[in-house]
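*Asks:* I would like to see how this sequence folds:
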Amino acid sequence: MRKAVVSMLVLIVGLSLAGCGYVSDGPFGWMMTNHITPVAKGSALTGFKEGQACIYSFFGMVTVGDAGIEAAMRNGGIKDVFTIDSASQSFFGTYTRQCTVIIGS
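*Replies:* Presented below is the predicted three-dimensional model:
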């Protein structure tokens, strides 16, 4: 009886923690996610500057940051957008990062 209760608790805790923090788009790996996904193409013909803005989540309980397009443009000193990508990273659902990456001039 005691083994069954312990097994059930382990199962419940495991399932509860499995989805603690995850990236919201693109492929998701339970152990690790690390990918870049294209989002949009801007009107600029080329780009030589890069701006990035990120949000971070810890254990799916606390999320902080600004991953907006305007923040990424400001961080890279970009006025004309060439491409917009989304970069996502996650480790065991305990730490996640999702960034907007803009290339432009």
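
*Asks:* downstream neighbour of the lowest-mean-pLDDT helix or strand in the chain in the secondary structure list?
*Replies:* Here the helix or strand of the chain ranked lowest by mean pLDDT, DSSP states H and E is helix 2-18, holding a mean of 56. Using DSSP states H and E, the helix or strand that follows helix 2-18 towards the C-terminus is strand 32-41.

*Asks:* Listing partners with orientation, what would you give for that next one?
*Replies:* Looking at strand 32-41 with DSSP bridges, its partner strands are strand 81-91 (antiparallel).

*Asks:* what does the strand it pairs with contact?
*Replies:* 21-23, 25-26, 28-29, 31-47, 52, 69, 72-73, 96-105 (C-beta atoms under 8 Å, 6 or more residues apart in numbering). No exception for glycine: its C-beta is placed from N, CA and C like everyone else's.

*Asks:* Just the buried residues out of those residues, in PyMOL syntax.
*Replies:* Burial among the contacts of strand 81-91 is assessed by 16 or more other C-beta atoms under 10 Å; the matching PyMOL selection reads:
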select buried, resi 21+22+23+33+35+42+44+47+69+72+73+96+97+98+99+100+101+102+103+104+105
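
*Asks:* Look up the residues forming beta bridges with H35.
*Replies:* As for beta bridges, H35 partners with S88 under DSSP bridges.

*Asks:* Where does pLDDT dip in the protein?
*Replies:* Within the chain, the stretches with pLDDT under 70 are 1-28.

*Asks:* again, 80 this time
*Replies:* The chain contains residues with pLDDT under 80 at 1-30, 93.
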